[in-house]
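**Student:** Quick check, what structure comes out for this input:
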Amino acid sequence: MKAVMKYAMFVLIFLAVITSLRPTVTYANTGEATPEVQITEWQISPGTDDEGKTPPAEGWITVKGNEAAPVLPKGTTSLWLKIELPAITESHAGLLVDKAYAQNVIVYVDGKGIYETTRDHSYDVNRFVIPVEHSTDKTLYVYLYNETGNIGVTGLVLGDYEKLYRTMLLKELDNIILGAAFIFIAALMFICMIFLKKVQVAGWKSLSLIILSIGFMLIFYSPFLYTVNDKYGLIYATGFDLSSNLFLPALFFFMETLFGRGKYSLIRIFKYYALYSVLLSSIGLFLNILTDNAFYSLYYSISTVMFALGVVGGSLILIGILVVYSFKKQKEAFILSAGLGFFILFTVADIIQYYSQSKNYEFVYWKWGIVCFVFSLVVMLGRQIVISFEKVVTYSRQLEIYNNELQRSEKMDIISQLAASVAHEVRNPLQVTRGFLQLLEEKSNSNKEKNYMLLAINELDRASEIITDFLTFAKPQLEHVTVLNIANEFKHIGTILIPLANLQGGQLKLNVPENLQIQGNSSKFKQAFINMIKNSIEALNGDGEIEINGYMDENRVIICIKDNGEGMTENELAKLGEPYYSNKTKGTGLGLMVTFSIIEVMQGEIEFKSSKGVGTEVVVTFPAA
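**Tutor:** Residues are numbered from 1 along each chain as shown. So this is what the prediction gives:
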């Protein structure tokens, strides 16, 4: 990681220094700049066996820059160029060779070599500026050698030496800056992996490797480094091969992270294919280096074919995945399609320019297509991280709700078993005791004893009500289920509770239309709502108002009970319906528990909203009959 960071910083510093450099050749400043002249015609002579020492005396073929280059004989590995320069009157002129495709280049003027480069690696693109002294007539000979057979020159410009030299340096500088930016971003992403969850590391790491490999490819494929310091050309070429080998496996690792193995495990198959290709290509590369390029042709052929198969096969799989997932309306597929579409669009624009300019055009747009493609990958990974985080948050909330429901269910189950086993046994002796107390109260002549008897009977009745609640909770199944008219049910409830509300100093307002109907048991329905409305009446503490509204929402009947009583806190709201929990001094905490059970059996839902000092609102929802 530190090595990557240091390399990125080195590249940036190196760029700042190199842009300030001037060519080593200096001339007296005459105050006049040499006008630039495009060389549009020169002559070539293919094939010599004197290692570029003497140009041929005859057999020259004229070539024009705006026309297609002539086809060289098969097996040609060397080429002579003869360039007739126009009259030069300035003393600081130079000739820019924009592209010379060769491993070895030698330039002669007046039989004297003025420029030479020899490469021991496969990168065959040269860009250089040759100083040309003033003269009235000058012939320049260039010897090119390339064992691959890709030989020729493009873009010959005569002009001011210093200006041409700066132009040459700056022309490929954008590739270096863009590549260094990719490397810097990849280094930052590697550092950020420290703070990621383990499940997120795989996608983040593979995307970092994709960006890192593209950054190094942009830098090592640019002629800039070879122009500035060709001494390390073998290192640059090796770096490009290694970075290109890294790209495909990283891409398929990333695709597997996002889309899984794919149908028939195609993504995984190509991922392993890319890994084995990298392994074989790397072994071949280092063997070729150790044997001084003895097996270069074999290595180049095998590695190129394997890389091409990976690119073609991977592209077909990628397009197939995008088509399938686009039909499934997955946003990741649309995002990646947009990035890939921009890349194809920019590449096609380059190809059109290439063929429209007689193949002398240098590709420049494709790199921005890569930027768009990488940006789409970053957006996809960001979406995956956000979605994963949201899933974790949602799962945590659901788990908390589930735990609460599980605890409540366990409590309810315990109470249900207790109620079923004890309630009937307790109710019978209570009824017998109540009967005898009534007889004793009737036969008693003392008012004091009668008061005692009545108090005991009231307490027995209260105990009987508690047992009834237990039985209701223990066996909440509905018997005699019919269609209930909500308005009629609340009229009966109102006749019971309106006097109680008036006695407490409050008012009970009913606003329930006649057309609301649900399936249920009348007595259980009344019991549930009487419990809730009584709680609202007791919460008024004097003057207040309880409003009951009913309405239809699609296929659901909604009943809303709202009061302006003392209200409850969030902690109190969370405990509603728990066994034995009550805000009342004499409450048992069973009333709301029974209410919850009845509403649940009637396939309804209940929700409480409350604020301390403001009031409470209960919203109950039932399926409409």
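**Student:** Assumed residue 514 was part of a strand.
**Tutor:** No: counting by DSSP: H, G, I helix; E, B strand; the rest coil, residue 514 falls outside a strand, being coil.
**Student:** quick one: it from residue 114, how far?
**Tutor:** 108 Å (CB to CB, to the nearest Å). For the C-beta atoms, the positions are set from N, CA and C on the backbone; glycine is no exception.
**Student:** which of those two has more neighbours?
**Tutor:** It is residue 114, of residue 514 and residue 114, that has more neighbours when counted by other CB atoms under 10 Å, with 14 against 10.
**Student:** any idea which helix or strand carries that one?
**Tutor:** Residue 114 belongs to strand 112-118 when assigned by DSSP states H and E.
**Student:** From the chain's centroid, how far away is stretch 522-534?
**Tutor:** 52 Å (CA atoms, centre = their mean, to the nearest Å).
**Student:** List the contacts of that stretch.
**Tutor:** Identification of contacts with stretch 522-534 by CB atoms under 8 Å, 6 or more residues apart in numbering yields 472, 476, 478, 480, 482, 484, 489-490, 492-493, 496-497, 500, 508, 546, 548, 559, 561, 591-592, 594-595, 598-599, 601-602, 618.
**Student:** name the element the residue of the chain positioned farthest from its centre belongs to?
**Tutor:** Here the chain reaches farthest from its C-alpha mean at residue 445, the gap being 88.3 Å by CA atoms, centre = their mean. In this assignment (DSSP H and E), residue 445 forms part of neither any helix nor any strand.
**Student:** Looking at the backbone only, give me phi and psi for it.
**Tutor:** phi -100, psi -10 (degrees, to the nearest 10).
**Student:** From residue 480, how far off is it?
**Tutor:** On the measure of CB to CB, residue 445 and residue 480 end up 46 Å apart.
**Student:** just residue 272 next, same as before
**Tutor:** 69 Å.
**Student:** ok, now which ones touch residue 230?
**Tutor:** Here residue 230 is in contact with 117, 119 (criterion: CB under 8 Å, 6+ apart).
**Student:** so how far is residue 76 from it?
**Tutor:** From residue 230 to residue 76 the distance is 24 Å (CB to CB).
**Student:** beta partners for residue 93?
**Tutor:** Beta-bridge partners recorded for residue 93 (DSSP bridges): residue 132, residue 160.
**Student:** what number of residues lie near it?
**Tutor:** 24.
**Student:** Quick check: it touching residue 157?
**Tutor:** No: between residue 93 and residue 157 there is no contact under CB atoms under 8 Å: 10.9 Å.
**Student:** so who does the nearest residue to residue 313 once chain neighbours are set aside touch?
**Tutor:** Closest residue to residue 313 apart from its sequence neighbours, by CB to CB, 6 or more residues apart in numbering: residue 270 at 5.9 Å. For residue 270, the contact set (CB under 8 Å, 6+ apart) comprises 252, 310, 313, 314, 317.
**Student:** more neighbours, residue 272 and residue 480?
**Tutor:** residue 272 (12 against 9).
**Student:** if you average pLDDT over the helix or strand harbouring the more buried one, what comes out?
**Tutor:** Following DSSP H and E, one finds residue 272 within helix 266-290. Here helix 266-290 scores 79 as its mean pLDDT.
**Student:** circling back: can I get the contacts of residue 270 in TSV including secondary structure, neighbour count and distance to residue 63?
**Tutor:** Shown next, in TSV, are the contacts of residue 270 (DSSP: H, G, I helix; E, B strand; the rest coil; neighbours: other CB atoms under 10 Å; distance: CB to CB, whole Å):
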residue	secondary structure	neighbour count	distance to residue 63
252	helix	26	44
310	helix	21	37
313	helix	16	39
314	helix	20	39
317	helix	19	43
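**Student:** between those residues, which is nearest residue 283?
**Tutor:** residue 310 (16.5 Å; CB to CB).
**Student:** distance of the closest one from residue 179?
**Tutor:** For residue 310, the distance to residue 179 - CB to CB - is 22 Å.
**Student:** what do you get for residue 373?
**Tutor:** 15 Å.
**Student:** quick revisit: filter the contacts of stretch 522-534 to the buried ones?
**Tutor:** 472, 476, 478, 484, 489-490, 493, 497, 508, 546, 548, 559, 561, 591-592, 594-595, 598-599, 601-602, 618 (16 or more other CB atoms under 10 Å).
**Student:** Sitting in helices, which of these do you find?
**Tutor:** 472, 489, 490, 493, 497, 591, 592, 594, 595, 598, 599, 601 (DSSP state H).
**Student:** Redo the residues you listed as CSV? Include pLDDT.
**Tutor:** As requested, those are exported to CSV (pLDDT from 0 to 100):
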residue, pLDDT
472, 59
489, 87
490, 87
493, 84
497, 82
591, 71
592, 76
594, 77
595, 82
598, 83
599, 85
601, 83
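**Student:** Do a quick rundown of the helices in the stretch 301-450 of the chain.
**Tutor:** Remark: helices assigned in the stretch 301-450 of the chain by DSSP state H, counting those that start in this stretch are 331-356, 366-443, 447-474.
**Student:** what would those helices look like in a markdown table with distance to residue 612?
**Tutor:** Putting the helices of the stretch 301-450 of the chain into a markdown table (distance: least, CB to CB, whole Å) gives the following:
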| stretch | distance to residue 612 |
| --- | --- |
| helix 331-356 | 44 |
| helix 366-443 | 22 |
| helix 447-474 | 28 |
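**Student:** Could you name the helices and strands sitting against the helix or strand harbouring residue 162?
**Tutor:** Element membership for residue 162 (DSSP H and E) is helix 161-171. On a contact count with 3 or more CB pairs under 8 Å, 6 or more residues apart in numbering; DSSP states H and E, helix 161-171 meets helix 2-19, strand 93-101, strand 125-132, helix 223-228.
**Student:** Since that was my last question, I'll sign off now.
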